[in-house]
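Peer 1: got a structure for you, letters missing:
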Ligand code: SAM
């Protein structure tokens, strides 16, 4: 009789606050072709050296460690992930990891027209696209020179490639784009996209400066309810947004409120930077250097042990409201 080797079951990743960690945000680059006002400063170019970027082999190995520890979802992000060469190849490698149930991607969509079919074929299951304005000039101002048309072309290509639902992420800022809420709702109804509004977080100088344009999303929801009939609903995906549906349409609108109503008690995620630093909280500085372990060729079990130790120190919550000056690194480095 053939001898079947049974792998011992790994204990799930549980942090000190009894949160089950099953989601990794994987930053594959800190570079971006846009300079969104709340994210990266104009002219910024102090990026990680390519020699520090985790290679595809290193990424696959560390993600294998995570999936063996029970991680079921990976979101590829950045920076702009489509600015990293051969990204569909990496996506295909990750999609094959045993145990992975959901491989998603966050993008600004400027290069999506070219890459959407290959990403779909690689096994990317869901897409989130940042879009803060439907007015070309305003879009260019917010993004430091971006072309709205390239994003719209990217969105249509993603739809044609079969991605559904596509989630649009809009950072709402007072006197910048908060007059476009209704237009964005109609745009998403027309195209069958899901829409999520996000409060600006004080991450890096840019995020802090933009926080001055804070918009209360509860107020936005109240105003929307005057124009559209909104029904509370849920959306699969394990994220922190609270959703309503516009009656008589398929549109779901999510509100992500890290400032006015934080959701740290349900946090199920950690973030890995392009240079292999594991951050267990977006709003804290605690990190673990996994790159040096990968480059020292430690065993998979040693890697897993380090990940467990890091999650054993996951902070309870961010301090964005009480200590907005705390996080000096930019969002594009940690991975949005
Ligand atoms: N380039 C990709 C994109 O545009 O989606 C992925 C990276 S981007 C940093 C991920 C998300 O972070 C975007 O939706 C962006 O709007 C959001 N973001 C960046 N800085 C932020 C801030 N200070 N507050 C809130 N959201 C922020």
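Peer 2: Everything's here; your move. Keep in mind it's a predicted model, so treat the numbers as computed, not measured.

Peer 1: which SS class is the residue of the stretch 101-250 of the chain found nearest the ligand?
Peer 2: Closest approach between the stretch 101-250 of the chain and the ligand, counting by C-beta to the nearest ligand atom: residue 207, at 3.0 Å. No exception for glycine: its C-beta is placed from N, CA and C like everyone else's. The three-state assignment at residue 207 reads helix, by DSSP: H, G, I helix; E, B strand; the rest coil.

Peer 1: mind listing what's buried in stretch 78-95?
Peer 2: Neighbour counts over stretch 78-95 (16 or more other C-beta atoms under 10 Å) mark 78-84, 87-88, 90-95 as buried.

Peer 1: quote the end-to-end distance of that stretch.
Peer 2: 18 Å (C-alpha to C-alpha, to the nearest Å).

Peer 1: my guess is residue 255 is in a strand, correct?
Peer 2: Yes: using three-state DSSP, the assignment for residue 255 is a strand.

Peer 1: what sits against the closest residue to it other than its chain neighbours?
Peer 2: Distance criterion C-beta to C-beta, 6 or more residues apart in numbering; nearest residue to residue 255, sequence neighbours excluded, is residue 217 at 4.5 Å. If a contact means C-beta atoms under 8 Å, 6 or more residues apart in numbering, then residue 217 has 172, 197, 199, 255, 256, 257, 260 as its contacts.

Peer 1: any regions of the stretch 201-336 of the chain where pLDDT drops low?
Peer 2: Counting by pLDDT under 70, the stretch 201-336 of the chain contains low-confidence ranges at 237-238.

Peer 1: tell me the contacts of the residue of the stretch 201-336 of the chain found nearest the ligand?
Peer 2: In the stretch 201-336 of the chain, the residue that lies nearest the ligand is residue 336 (2.3 Å; C-beta to the nearest ligand atom). Residue 336 is in contact with 25, 39, 77, 78, 106, counting by C-beta under 8 Å, 6+ apart.

Peer 1: let's go with 6 Å and repeat that
Peer 2: residue 77 (C-beta atoms under 6 Å, 6 or more residues apart in numbering).

Peer 1: gap between it and residue 296?
Peer 2: 29 Å (C-beta to C-beta, to the nearest Å).

Peer 1: so which residues of the stretch 51-200 of the chain form strands?
Peer 2: 73-77, 102-107, 126-130, 166-171, 194-198 (DSSP state E, counting those that start in this stretch).

Peer 1: and the second one, average pLDDT?
Peer 2: This means strand 102-107. What strand 102-107 shows for mean pLDDT is 98.

Peer 1: hmm, back to that, using TSV, please lay out the strands of the stretch 51-200 of the chain together with distance to the ligand.
Peer 2: Listed next are those as TSV, based on distance: least, C-beta to the nearest ligand atom, whole Å:
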stretch	distance to the ligand
strand 73-77	5
strand 102-107	4
strand 126-130	3
strand 166-171	4
strand 194-198	5
